[in-house]
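Trainee: all I have is the shape, not the residue letters:
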C-alpha cells in the first residue's frame with residue numbers, strides 16, 4: 001500500500017493526514033513533510049495516523065525525530081490515533097488500522113512521549129486533552 005500524505009491547516013495547526021504504511025521506504029517522505037512545515041514557520045503539527053495500517057521501527061523513528069525537532073524550535077507535536085481497535089466504525093474508516101500504531105508505540109515503551117488524541121478536531125481544540133497513555 002502506497003503512503004499518502006495530505007496537508008491541511010486548522011488555526012495555528014498544520015495537520016498531516018497520513019495514510020498507508022509508515023515503513024523504511026515511506027518514512028523519509030513523512031520526515032520531509034514535517035521538515036517542510038517547520039521550514040515555512042509552522043511550529044504546531046498534528047500527525048493524523050488514524051489511517052496508517054502498518055508502522056515499523058523506521059516509522060517510529062520518524063515520529064520521535066519529529067517530536068525532537070518540534071521541541072527544539074519550541075513547537076508542539078500531537079498525534080491522532082484511535083485508542084482501541086473497537087473504536088473503528090462508521091465515520092472512522094481507519095480506526096482498527098490506526099490502532100496498530102498505538103500498539104507499536106506502547107510495545108516499544110514510547111507511547112508516553114506523545115500527546116495522543118482521538119481525532120484532528122480534538123488535537124487542535126483550544127481545550128485539547130490528550131488520551132491517557
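Mentor: Arrived safely, thanks for sending. The structure presented is a predicted model; accordingly, all values stated were derived computationally and were not measured.
Trainee: packing partners for the lengthiest strand in the chain?
Mentor: For the chain, the strand that runs over the most residues, judged by DSSP state E, is strand 44-55. Other elements packing on strand 44-55 under the criterion 3 or more C-beta pairs under 8 Å, 6 or more residues apart in numbering; DSSP states H and E are strand 13-22, helix 27-39, helix 57-72, strand 76-80, helix 95-107, helix 120-124. Heads up, the C-betas are built off the backbone N, CA and C, glycines and all.
Trainee: if we go by neighbour counts, what in it is buried?
Mentor: Across strand 44-55, burial judged by 16 or more other C-beta atoms under 10 Å covers 44, 45, 46, 47, 48, 49, 50, 51, 52, 55.
Trainee: can you tell me which of these lies closest to residue 16?
Mentor: Each of those was scored against residue 16 by C-beta to C-beta, and residue 47 proved nearest at 5.3 Å.
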